[in-house]
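K.L.:
sequence and predicted structure, then a few things I'm wondering about:
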Amino acid sequence: MLGSEMVESSTVIGHQVTLNRLSVAISKGQNSHAYLITGPESVGKNSVARYLASALNCENVSEIPCGQCAQCNRISRSVHADCETISVDLDGYLHGDGNKRTVITIEQIRRIIRECYLKPYEGKYRVYIIQQCDRMSEEASNALLKTLEEPPEQVVLILLSSVPEKILPTLVSRAQVISLKKVNWLELEKGLIQKFNLDKKIAEELSKTCDGKPGIAVKMLEDEKYRKWRSDALDEAETLAESGPYQRFLYGGSFSKRYTKDREDSIAVLTLWQEWWRDVLISSYGINNSIINQSRIDKISYYANQYGSTNSAKNVRILTQAIAKLQKNFNPSLTIEQLMLGMPILAKK
Ligand SMILES: [Zn+2]
């Protein structure tokens, strides 16, 4: 996480209306002390947060953030002393014990609270970006809430979450909510061409594949491991579409084990399967142009013929329900078993 942020450019793909609104407000001195940026995984919450941090600290008077001045430059390179990102300390690095954590701890929040009463070192504002803020422990949330009741003048907190319903409501009510939606294809395509200098054809296919989430497009371009992970998960979706009840039952057992080892990853795999089935459903209506996984269109049309729209729709629905249950911490092995047994099976010829 820390490594990948170093190369991230400050250019945001999409969300232009939101960005303009924020930059106008900030240039008039009408910024909030707390923002909550919500929206699906990879939709651009981090990029918008950095944009905000730059706008708040930019040296330029009009057209902020300028993206050129020393402040903007240092924020985009993640070396600004007053702009810090806080996230779940997955490997216990910050705590020095190497133990995995699943929450943002009270110690992490206490440190921010202590620091935020100090004057900024180099910019106008101290900006703290709290990723996955729904993962704050109750103690941590309450401590942060106290600070937000009387926030120090030169501090701005930016909370990020894709599951805002899990955040303490009193905390939400203290923040200005910025809700990001998926970016439409054309805007995404334009953004990808601008940012990566891509060929129009490649940008077009990529913007369809990432389903309105620019972060996925960036990973598809820059992260070979991600490409492999994605391709494996889609292979699995095809294998499952082909398999019978007994195979699925066995598969469910091994998927449950995988879930115990890596919950986030498993939910991401299910989300890809859901997208793949939505493609099959769309294809069953003959609208192949809107398919996300364009590179797999042959298999998708094949299964659209085999399953038909009713069963494809049922698969989308069952996967959507399973993902929602897992996110709400329902019993995982039961949920996965119900999923595997509930998905319609291909009638044998
Ligand atoms: Zn600037």
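P.N.:
Looks like it arrived, so ask away. Numbers count the residues shown, from 1 in each chain.
K.L.:
what about the strands in the stretch 1-150 of the chain?
P.N.:
Taking DSSP state E, counting those that start in this stretch to define them, one finds strands in the stretch 1-150 of the chain at 34-38, 83-86, 126-130.
K.L.:
could you identify which of those is most buried?
P.N.:
strand 126-130 (a mean of 25; mean count of other C-beta atoms under 10 Å). Yep, even glycine has a C-beta here, placed from its N, CA and C like the rest.
K.L.:
helices and strands around that strand, which ones?
P.N.:
In terms of contacts (3 or more C-beta pairs under 8 Å, 6 or more residues apart in numbering; DSSP states H and E), strand 126-130 is packed against helix 45-57, strand 83-86, strand 155-161.
K.L.:
flag the shaky bits of the chain, pLDDT-wise.
P.N.:
Low-confidence segments of the chain (pLDDT under 70): 1-10, 91-92, 348-349.
K.L.:
next up, the contacts around the nearest residue to Glu149 once chain neighbours are set aside.
P.N.:
In this structure, Glu149 finds its nearest non-sequential neighbour in Arg174, 7.3 Å apart by C-beta to C-beta, 6 or more residues apart in numbering. With contact set as C-beta atoms under 8 Å, 6 or more residues apart in numbering, Arg174 has these partners: Ala34, Leu145, Leu148, Glu149.
K.L.:
enumerate the residues of the stretch 1-150 of the chain near the ion.
P.N.:
Cys58, Asn60, Pro65, Cys66, Cys69, Cys72 (C-beta under 5 Å from the ion).
K.L.:
could you break this structure into its assigned domains?
P.N.:
2-179, 186-222, 225-342 (automatic domain parsing).
K.L.:
for the last one, how far is the first residue from the last?
P.N.:
Taking C-alpha to C-alpha, to the nearest Å, the span from the opening residue of domain 225-342 to its closing residue is 31 Å.
K.L.:
just give the number of residues close to His95.
P.N.:
13 (other C-beta atoms under 10 Å).
K.L.:
next, give phi and psi for it.
P.N.:
In terms of degrees, to the nearest 10, the main-chain angles of His95 are phi -100, psi 0.
K.L.:
these two touch, right, it and Arg101?
P.N.:
Yes: counting by C-beta atoms under 8 Å, Arg101 is a contact partner of His95 at 7.4 Å.
K.L.:
now do the shared contacts for the two.
P.N.:
Residues within reach of His95 and of Arg101 at once, by C-beta under 8 Å, 6+ apart, are Asp89.
K.L.:
so who does the residue most central in space within the chain touch?
P.N.:
By C-alpha atoms, centre = their mean, the chain has its centre lying nearest to Glu41, at 1.8 Å. By C-beta under 8 Å, 6+ apart, Glu41 lies in contact with Ser162, Lys213, Gly215, Ala268.
K.L.:
and the helix ranked longest in the chain, what's buried?
P.N.:
Scanning the chain for the longest helix, with DSSP state H as the assignment, gives helix 297-327. Buried positions in helix 297-327, judged by neighbour count with 16 or more other C-beta atoms under 10 Å: 299-301, 303-304, 306-307, 311-316, 318-319, 322-323, 325-326.
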